[in-house]
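J.: Using only what follows, build the 3D model:
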Amino acid sequence: MADLSHRTEISFAGTFISSAFAACFAEICTIPLDTAKVRLQLQKRAVLGEGGASKYKGLLGTVATIAKEEGLLALWKGIIPGLHRQFIYGGLRISLYEPVKAFCAGSAIAISLANPTDLVKVRLQAEGKLPHGAPRRYSGALNAYYTILKEEGLVALWTGLGPNIARNAIINAAELASYDQVKQSILKIPGFTDNILTHLLAGLGAGFFAVLIGSPVDVVKSRMMGDSIYKSTVDCMVKTLRVEGALAFYKGFLPNFGRLGSWNVIMFLTLEQVKKLFMWEV
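T.: I've put the predicted structure just below:
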C-alpha cells in the first residue's frame, strides 16, 4: 500500500506565480511564431482586397520575410502586451482551475481581464513594414493602449472578447485536459517516468489537440482584433467562409501548432519545475 503519511501541497499564490512565470517565459520564446501566425491569418483578406500575390508563404518563409524586411526584432512585436496578457491570464487560468473546479468560468474571468492586452498584441503584430516616411499607428504598447482608448473608446479595448473567450475556453480546456491525459497514457508505457521527456511529449500532445480544435475561433479572433471591418463574430465567420472557404479557418495551422506546441512544451516544462519551489510536505 502506498505511504500516504506524506504528501505535497502548494498555495494559490504559489500556483499563480509559477503559472505566470512559466507562461511569460514560454511567451518570450515563442512569440516569433505567433507573429508569423497572425500575419498568415490576416494576409488573405488583405490580398483579396488588393488583388496581389501572397506575401507570406509557410512558417519559416513568413519568419524569414519579416526578419528580412523589418528586422529581427520585428518578430517580437507585441511582446510587452503579450507578457501583460500571460501574467494575468496565464497566472489565473491554472491557479483558478483547481479551487473553482469550473474551468470555463475561470477562463472567462481571466481572459475578460486580459482582453485589452491581447488586442494590443495583435494590433502591434499586424503592423507590417510601412513605406518610407509613413508614421506608425502605435509607437509602442503603452501608446497603443492610450491611442485605442482615445480614438475608439474604452469599450474598444474589449474588441473580439466573444471569440477570445470561446478561443481560450476551447484551447485551454483542450490543453489542460489533453496534457493530463497524454501524460498519464505515457506513464503507463514501460520505461517512462514522470520526467522531462514525459512532460515534453505531453506538452506536444496538448498543443496539437488545442490547435486542431481551436483554430477556427483563433482565426476569427485574430481578424476581429486586427481590423474593425467586421460587425460581429458571426459577420466575421460568414464573410471569411463566403470569400475564402472553410479551409480559411485553418489558415496558419502549422505556424499555430509550431507556436502552441512549443509554447506548451516550454510552459509545462517550466511549470513542473517552478511549482516544486512552492510545494511543502504535509
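J.: Spell out, range by range, the strands that occur in the stretch 101-250 of the chain.
T.: Read by DSSP state E, counting those that start in this stretch, the stretch 101-250 of the chain holds no strands at all.
J.: Spatially nearest residue to residue 268, not counting backbone neighbours?
T.: residue 203 (4.4 Å; C-beta to C-beta, 6 or more residues apart in numbering). Yep, even glycine has a C-beta here, placed from its N, CA and C like the rest.
J.: mind listing what that neighbour touches?
T.: By C-beta atoms under 8 Å, 6 or more residues apart in numbering, the contact set of residue 203 is 179, 261, 264, 265, 266, 267, 268, 269.
J.: quick one: the first one and residue 202, what's the gap?
T.: Residue 179 is 5 Å from residue 202, where distance means C-beta to C-beta, to the nearest Å.
J.: Need the overlap of contacts for those two.
T.: With C-beta under 8 Å, 6+ apart, residue 179 and residue 202 have common neighbours residue 268.
J.: worst-scoring helix or strand of this structure, pLDDT-wise?
T.: In the chain, no helix or strand scores lower on mean pLDDT, DSSP states H and E than helix 97-100, which sits at a mean of 56.
J.: What ranges in this protein fall below the confidence cut-off?
T.: 1-9, 44-53, 96-107, 129-133, 279-282 (pLDDT under 70).
J.: remind me, longest helix of it?
T.: helix 12-50 (DSSP state H).
J.: picking up where we left off before, filter the contacts of residue 203 to the buried ones?
T.: Neighbour-count burial (16 or more other C-beta atoms under 10 Å) applied to the contacts of residue 203 gives 179, 261, 264, 265, 266, 267, 268, 269.
J.: Is it correct that the second one is in contact with residue 202?
T.: No: shown here, residue 261 and residue 202 do not form a contact pair, counting by C-beta atoms under 8 Å, at 11.4 Å.
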